[in-house]
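Novice: Sequence and predicted model, in that order:
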Amino acid sequence: MTKKPNELTIVEAAAALRARSLTVRELWDACYAAAQEKNPELNAFLEIFPADERAIEAAQIRVDTDKESAPLLCGIPLAIKDNILIEGHIASAASKMLGNYRATYDATVIKKLKEQNALFVGRTNMDEFAMGSSTEHSAYGVTKNPHDTSRVPGGSSGGSAAAVAAHLCIAALGTDTGGSIRQPAALTGLAGLKSTYGAVSRSGAIALGSSLDQIGPLAKTVEDARILYEAIRGADPLDSTTITDGLYPAREVPENLRIGVPRHLLGEGVDSGVLAALDATLKRLTEAGHTLVDIELPTSSHALASYYVIMPAEASTNLARLDGIRYGHAPRGKTLLDDYVLSRTEGFGEETRRRILLGTFVLSSGYIDAYYRKADAARAVLRREYNDAFQKVDVIAFPTTLSPAFKFGEKGDPLSLYLEDIFTVTANLTGMPAISVPMGTVERDGKKLPVGIHFTAPHQAEEILFTIGRAVENSR
Ligand code: GLN
């Protein structure tokens, strides 16, 4: 069966455009029509953009004239998470607070994509300010998982994930502070990359946890994720934390990789279907020539607790600027204090308020040593432990999530939702790059639900992640 244009990967669509079996217009129309048709049910997009005729035309001209040298993303329709600024468009971070906020400049990643003549289908739904793992915490309704619409698509980049999985675009950008790209990628059957901290500029991404945030790709294949990552990475004078090219020596990626597996993390709590899929995937990788090595990462048990101290601390600081004075939702009361209280009470949703309170508490003078500084110390220990493990292995593997996609409302208790991030937060705490790659399905209520395998690599060793990711895809 031949695929519809919107069902193509970046690689396939780019080839079809160059072979002239497809035009940029046809590709755009296919994505746009699919988005119009399916969005009322899925709510993946908060806004579908009208066709940008000039951009479509410019992309077509570039593909026609440059052919081989035109960037692969030229003419490719992408979806962008609602916390990444596109000049002239609303960027609300799915919050009522920024419901009318229109970006006055392009995020660096958007600038780079525009230089490649990529197209933008729309802005996608997310958990408010990227806090959550289910896209149930958006001020604009939930997003549904295309594999089973009674279930969540994961989060916080759930809109981007659903848009790609349902073929409403070719690929998408999300942001990942504690797993928000990798976890929804796993639950919707996509490849999702959180790059090395500083590999991709954060300029123009609405800040959540500044020492943890990275923008990255959600894509149909590992190769597509690589293409998108290569397009957006690079040092940026507007983000002083970006890594200067060449800071780390380029690594040779060995053909046969040593895969570290921390079995002690795979105990109770991990769904048996997920474990079976993991074991089957690891077995196929050994058959393909890779080796498994038992490793121990004892401090992992403290990662989630440290994350849920550090992340709210940074979030509370970043969100302090939304005070009803400078910009955003700004109702007026009788006094200045009323203005603050009213705007922040009305503008922020429940989860956002919870994290602000938590963050303010752990940073308060009486508690900063007991909570924030302890969590920060744990972060250093985790980094050391992973670096030690990377002396004997090239990459570390475990499942991306404990279970397949859950039902709406199933994790209503905040702590049970926080537990969803147990496998993903460490890569953000250590700054190391990590990828989630589909590893089969687990059956629930007669539906086959995707699950993902998660790989972590040393700093700036994204290439190892792409190599092992492709190995997983090829072993299927
Ligand atoms: N689910 C995590 C949280 O709620 C991660 C969020 C993210 O990566 N943006 O904090």
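Specialist: Sure, I can see it.
Novice: mind checking how far the residue nearest to the spatial centre of the chain is from I84?
Specialist: The residue lying closest to the centre of the chain (Cα atoms, centre = their mean) is I181, at 1.9 Å. Spatial separation of I181 from I84 under the definition Cβ to Cβ, to the nearest Å is 12 Å. No exception for glycine: its C-beta is placed from N, CA and C like everyone else's.
Novice: do the same with V393
Specialist: V393 sits at a distance of 34 Å from I84 (criterion: Cβ to Cβ).
Novice: neighbour-wise, which of the two wins?
Specialist: Neighbours per residue, other Cβ atoms under 10 Å: of V393 and I84, the larger number sits with I84, 26 against 20.
Novice: quick one on the thing from earlier: spell out which residues are contacts of both of I181 and I84.
Specialist: Any residue near both I181 and I84 by Cβ atoms under 8 Å, 6 or more residues apart in numbering counts here, and that gives T175.
Novice: Surely V63 touches L22?
Specialist: No - contact criterion Cβ atoms under 8 Å: V63 and L22 do not qualify, at 9.9 Å.
Novice: what does stretch 3-20 rub up against?
Specialist: Residues outside stretch 3-20 that contact it (Cβ under 8 Å, 6+ apart) are 22-24, 26-27, 30-31, 33-34, 63, 67-68, 70, 72-77, 167-171, 219-221, 223-224, 227-228.
Novice: Just these: which are in helices?
Specialist: V24, E26, L27, A30, C31, A33, A34, V63, E223, D224, I227, L228 (DSSP state H).
Novice: ok, V109 - contacts?
Specialist: Taking Cβ under 8 Å, 6+ apart as the definition of contact, the neighbours of V109 are I84, L173, V200, S201, G204, A205, I215, I232.
Novice: Save those as a markdown table, and put in distance to A91 too.
Specialist: Converted to a markdown table, the contacts of V109 look like this (distance: Cβ to Cβ, whole Å):
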| residue | distance to A91 |
| --- | --- |
| I84 | 7 |
| L173 | 12 |
| V200 | 17 |
| S201 | 16 |
| G204 | 9 |
| A205 | 9 |
| I215 | 13 |
| I232 | 17 |
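Novice: Between which two of those is the distance greatest?
Specialist: With Cβ to Cβ as the measure, no two of the contacts of V109 lie farther apart than L173 and S201, at 12.3 Å.
Novice: These two: which is more packed in?
Specialist: Here L173 and S201 are compared on neighbour count by other Cβ under 10 Å; more neighbours surround L173, at 28 against 24.
Novice: Just confirm the more buried one is within a strand.
Specialist: Yes - residue assignment for L173, taken from DSSP: H, G, I helix; E, B strand; the rest coil, places it within a strand.
Novice: Skipping adjacent residues, who's closest to it in space?
Specialist: Counting by Cβ to Cβ, 6 or more residues apart in numbering, I80 is the residue found nearest to L173 once chain neighbours are left out, at 5.2 Å.
Novice: counting contacts, what elements does the helix or strand that neighbour falls within pack onto?
Specialist: Take DSSP states H and E as the rule and I80 turns out to sit in strand 77-81. If you count contacts as 3 or more Cβ pairs under 8 Å, 6 or more residues apart in numbering; DSSP states H and E, strand 77-81 packs onto helix 24-42, strand 119-124, helix 158-165, strand 171-176.
Novice: and those as CSV, adding mean pLDDT and distance to E351?
Specialist: What follows is the helices and strands packed on strand 77-81, written out as CSV (pLDDT from 0 to 100; distance: least, Cβ to Cβ, whole Å):
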stretch, mean pLDDT, distance to E351
helix 24-42, 98, 21
strand 119-124, 98, 18
helix 158-165, 98, 14
strand 171-176, 98, 16
